[in-house]
Every structure is written in structure tokens, then in C-alpha cells.
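**Student:** Build me a model:
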Amino acid sequence: MRELRRDPTTGDWVALVPGRPLPRRERGVPLGAEGCPFCPGAEEHTGAEISRRQGAGSWSVRVIPEQSPALRPEVQAGRRGFGPYDQVAGVGAHEVIVESPEHRPLWDQPLTQSIAALEVAQARLRDLARDGRFAHITWTRSAGGCCEHPRARVVAMPVVPRALSEAQARAAEWLARTGRELFQDLVDYEREDGRRVLLEEDGIIALCPWSSRVPFEVWVLPAEPGASFAGASQRLVGAAARVLRWVEGRLAQELDGVSVQVQLWTEPLRSPGGRWHFRVLPALEQAEGGISLNPVPPEEAARVLRR
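**Tutor:** Numbering: from 1, shown residues only. Prediction:
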């Protein structure tokens, strides 16, 4: 039985998924196309297709179910308490977006493929948002390392992650105290300072954040207010795809194939606030004593990535 449980000491939600395989440890050796379940010709092995975008003579982007989903749409919604503990039924959706038929990184493919992949992601967020049982929808892309075939995952859930709730609260507090939007102040300051900005293109800015948690962390965000990625214009989605493609390509070149996770931060469905953006996180995190240890200041990371 799938369920979500909340840690009463931190407020974090954890999905319990009995039977889900343990994650495999990456060995740093790229997996070849032979036997890849995401390549053309293996479609019958990936479950019933949810949607697809046609390409020239074949599909361009496919959406399929996660084979071992953390959450399922057929689960009956419900919430219970056990003393200090909260439990929510594991209702939701867990999907995989196969972002290209090609078995190579998106940054090494035509720009049109990156744009198509992000447009399909936006369409999935819009579609899943119609289900009133869901409180939040996430999108995460895996790149680099052993993840040669480009793919992303979409998870719709009945709860809002604590990190996002706290970010919303900080943005609301800043607005109440200053009368200004927090992310606009961040963008304006970074533009003026310039040391951490990587590039700005057609309303999208990429920068290494002031308090980067990991070496070469990059944020990609709209330069103007916008809480929901699902509501972003086609122009901004296309620009975001172009900038993400550039960032992922530069990270692949500078970090010699280190795996990277791209996270979408967007508003919860029924409590808008903040600004949608992508956080690009190389798998280089170190921590001690409860705080992150970053040996590469963001100013240095930005200088390296710009060259």
C-alpha cells in the first residue's frame, strides 16, 4: 500500500513505496543504446502510452507510466492521524517523459528537440492540474552520468513539499515587509552585480545562486514575475529550453560527465506564490554538521561556465 507520512520534527513528507527496487549505484560508465527501454522499437515494453508528440516519421516525445510508481491515481484519497503522526493515502501520478528518440544528451541534439520536450512537460502539468486531488506537481530531469537517454519524471501529489512551502512563506514575508517581490529583487541585484550571471536571453536569465548548495549549481528563471510554469507563455518556455540546453552542455563539458538533476520549482496548485524556475544541481553535494559544504564559490563557477 502506497502512502505518504510526515515527519513531525521537520514537516517533511516521505512516500512509502513497498516493493519499489532499490536505486542502482552509478558506476560512471555510460549505458549503451542496446537494450535501452526508451529507444524506438522498445515501446511495447514501457506500458500503455499516456501521450506522444509526433516527429518526422516517428515520435518526437513520449509520456509513459513510471514502472514502479511512488503514487497512483486509482488510490482512494484519504488522511489520518496517529498521535503525533500524519498519514495521507498515496494518491497521485508518476510519469516518465522520454524526451527524444535519440540515445544521446539533449544538449547534443537540435534545439527543436529541447523545446518540444519542455512543451510536453508543460502540457502534462496543465493536464494533471485538472485533478482536484493533487496539491502539487513536480518535474525533474536526469542528465549526464549513466543517464544517456534523455528523460524526465513528472509526479503529481496530494501534499506540498516542505521546502516549497517554506520558500513561499519567505517570499510572502519579504513582500509584506518591503512591498516588493523577492525574486525580482534577486534578479535586479544579480543583473547589477553581474559576477554570477551566465546569460540572459528572451526573458530568461541563468545565474549561479548567491548561496549555491553544490558546486556549479545554476538557476534558470524568468526575468519577470510568473508563479506557475504551467501558465508560462510559449516564448518563455522556448527560451527556457534554449538556456537549459546551453547550461547542461557547459556542465557536461566542465564536469566531465557528472550526473546532473534539473528541478522545476513552481507554485502549488491552490496556494500561488513565488516565481517558477529551474534549479540545475550537479551530483557533487557535500555536507557536515547539517550544512552544505561548497568548495567552488558561485562567482568562480560562473566565470568558468561563461568562458
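
**Student:** what's near enough to touch the most centrally placed residue in the chain?
**Tutor:** For the chain, the residue whose C-alpha lies nearest the mean C-alpha position (C-alpha atoms, centre = their mean) is Q263; its distance is 2.2 Å. With contact set as C-beta atoms under 8 Å, 6 or more residues apart in numbering, Q263 has these partners: T138, W139, T140, F278, R279, V280, L281. All C-beta atoms are positioned from the backbone trio N, CA, C, and that covers glycine.

**Student:** Now tabulate those in CSV and tack on neighbour count.
**Tutor:** Listed next are those as CSV, based on neighbours: other C-beta atoms under 10 Å:
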residue, neighbour count
T138, 16
W139, 22
T140, 15
F278, 24
R279, 18
V280, 22
L281, 22
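
**Student:** farthest pair in those?
**Tutor:** When the contacts of Q263 are compared pair by pair using C-beta to C-beta, the farthest-apart members prove to be T138 and V280, with a separation of 15.1 Å.

**Student:** give me the element the residue nearest to the centre of the chain is part of.
**Tutor:** Element membership of Q263, judged by DSSP states H and E, is strand 260-265.

**Student:** Equivalent analysis for A252, please.
**Tutor:** Using DSSP H and E, A252 falls in helix 234-254.

**Student:** So which elements touch that helix?
**Tutor:** Here helix 234-254 touches helix 111-128, strand 197-201, strand 204-207, strand 218-222, strand 260-265, strand 277-282, helix 298-306, going by 3 or more C-beta pairs under 8 Å, 6 or more residues apart in numbering; DSSP states H and E.

**Student:** Out of these, which gets nearest to R20?
**Tutor:** R20 lies closest to strand 260-265 among the helices and strands packed on helix 234-254, at 18.6 Å (C-beta to C-beta).

**Student:** Name the residues of that closest one that are buried.
**Tutor:** Neighbour counts over strand 260-265 (16 or more other C-beta atoms under 10 Å) mark V260, Q261, V262, L264, W265 as buried.

**Student:** before we move on, what about stretch 117-125?
**Tutor:** Across stretch 117-125, burial judged by 16+ other C-beta under 10 Å covers A117, L118, V120, A121, Q122, A123, R124, L125.

**Student:** what two of those residues have the greatest distance between them?
**Tutor:** Between any two of these, the greatest separation by C-beta to C-beta is 13.2 Å, found for A117 and L125.

**Student:** Poorly predicted segments of the stretch 1-150 of the chain, please.
**Tutor:** 1, 9, 22-33, 144-147 (pLDDT under 70).

**Student:** got the residue ranges for the strands in the stretch 51-200 of the chain?
**Tutor:** 51-54, 59-65, 79-82, 85-89, 93-98, 136-143, 151-157, 197-201 (DSSP state E, counting those that start in this stretch).
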